[in-house]
Each structure stands twice: as structure tokens, then as C-alpha cells.
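Novice: Okay, sequence plus prediction incoming.
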Amino acid sequence: MMDFLIGSALSALATGVGAIPALLFSRVTHKFRDVLLAFTAGVMVSASAFELIPEALAYSNLQIVTLGILLGVLLLTLLEQNIPHIDLSHKNTSIEVDQKSMLIIAAISLHNLPEGLSVGVSYASGVEGLGPLIAFAIGLQNMPEGFLVALFLIQQNIKKRYAFLIALFTGILEFIAAIIGYALTAYVSFLVPIGLAFAAGSMLYIVYKELIPESHGDGHALSSTYAFIFGLLGMLWLTQIF
């Protein structure tokens, strides 16, 4: 049990660790922002196409995966239509999160939930070494996600400490999901494949609806195209190595 708690916590907190380098950035150029959006799109497509969807298929079937993807797309559509802007006021502090950033936070958070379940189920499966391996692989993947979330928020003029805390929060959700997966393995293991497909659908929606159009709309299409490819390949290498 203690090994599970330590492993799953380190995996989840990797999101916060990844956000730390973003705190060192000041304002960036529009070209860099477009390149970052395209790179993020590449990472999301790679994670969806080469990790989430294949894993979901391995544990279920095409019907379940199709349902999960469509549910993810539907939820992100509803979020986009009904949560266009977030304005949180506390004393003299105002935090404003635009639609694109809010959708990215939602997609990353949804992506982390089935991953957390996967970590918990892996530790509880009884297969020697499986839990630590899955926790390490997911933790490694969480670091660039934390960086991207924090940097996006900083570019929206949100104070760095709040950007870091929001990025960290997406990781904490994964830790909670891991505990649920560990404690209720016999009851929630069947939810893992549909959850993985659900996360893939939400990420693909963000990529096509927001990230690619935004990154190609200001004359930086060539740089953004290369950034997309490098993001996809970089994530593919990480998933294959670890």
C-alpha cells in the first residue's frame, strides 16, 4: 500500500514539477506562442493516437472506444458553448482564464483521470513491477503537460503562482483517481478503457477545433507545422522508450 501511495503521488506531482520551468518565462513573441500551440497539438495527437486509443482497444473493443471518443468530443463541445470565460475574484486579485486555456485545462484534467485509474489498477493487479512501470511512464508524460498548462496561463496574464497551482491541481486529480482505482479495482477496471477513449476524444477535439487553427492564423504556418511534427514525434519516442 505504501509503495502504491508513493508511486502514484510522484507520478501525479510530476505535473507540478513540469510546470516549474514555465515560471521562468516572461512574455514571449506571437510566433513562439503559435509554435507552442502547434507543439502541444502534436503532443496531444500522439498521446491520443499512439497511447490512449491503442490501450483502450487492448482492454475493450471498437464499440467501447468509439463511444468513449464521442463522449469526450460531446463534453468538450458543451464546455466550449457554456464556459466561455472564467473570472475568479478574491480580495484584490482577479484571475481571468480565456476559453482556449480553459478548454486545455479541461482536456488535460480529463486526460489525467483515466491515467490515474490505470495507475491504481496496475498496482492492485498483482503483476510484479507493473504498477511502478505504469506510474513512471505516466509521470514522465505529465511533466510536459504541466509545463504547457502553466505557460498558457502565464501568457494569459495570470500570476505565475496561480498558474503553477492550477497545473498542480490537474495532477492532484490524477492522484485521487489512482486511489479510487486501487481501492475499487474489481468495480472500476471496466471503466478504464472507456475513460482512455474519452480522454482521447477530448484531446482530439481541442487539437482540431482550437490549437491548429490558432497556430496557423498569423503567418507562422510553416514553423507551426514543423512544431506539430516534432511534438508528435517527441511524445511517440517517450511512449516507446518508457
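Specialist: Okay, I see it. Residues are numbered from 1 along each chain as shown.
Novice: so how far is Phe136 from Tyr162?
Specialist: 29 Å (CB to CB, to the nearest Å). To be clear about C-beta, it is placed using only N, CA and C from the backbone, and glycine gets the same treatment.
Novice: correct me, but Pro193 touches Ile64?
Specialist: Yes. Under the criterion of CB atoms under 8 Å, Pro193 makes contact with Ile64 at 5.7 Å.
Novice: Quick check: neighbours shared by the two?
Specialist: Ala56 (CB atoms under 8 Å, 6 or more residues apart in numbering).
Novice: quick one, which of these two is more surrounded?
Specialist: Pro193 (23 against 17; other CB atoms under 10 Å).
Novice: name the element that one belongs to?
Specialist: Using DSSP states H and E, Pro193 falls within helix 191-206.
Novice: Helices along the protein, start to end?
Specialist: 2-19, 30-47, 53-59, 62-82, 99-124, 130-155, 160-183, 185-188, 191-206, 212-215, 221-241 (DSSP state H).
Novice: how about a markdown table for the ones you listed, with mean pLDDT added?
Specialist: As requested, those are exported to a markdown table (pLDDT from 0 to 100):
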| stretch | mean pLDDT |
| --- | --- |
| helix 2-19 | 89 |
| helix 30-47 | 83 |
| helix 53-59 | 86 |
| helix 62-82 | 86 |
| helix 99-124 | 76 |
| helix 130-155 | 78 |
| helix 160-183 | 88 |
| helix 185-188 | 72 |
| helix 191-206 | 82 |
| helix 212-215 | 86 |
| helix 221-241 | 89 |
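Novice: okay, those, which one's buried deepest?
Specialist: Highest mean neighbour count among those (mean count of other CB atoms under 10 Å): helix 191-206, with a mean of 26.
Novice: Ala107 contacts Met203, doesn't it?
Specialist: Yes. Ala107 lies in contact with Met203 (CB under 8 Å); the separation is 5.2 Å.
Novice: Contact partners for the residue nearest the centre of the chain?
Specialist: Closest residue to the average C-alpha location of the chain: Ile108 at 2.8 Å, with CA atoms, centre = their mean. When contacts are counted by CB under 8 Å, 6+ apart, Ile108 touches Glu145, Leu148, Val149, Thr170.
Novice: Could you do Asp218 as well?
Specialist: His30, Lys31, Asp34.
Novice: now Gly146: how far from Tyr59?
Specialist: 26 Å.
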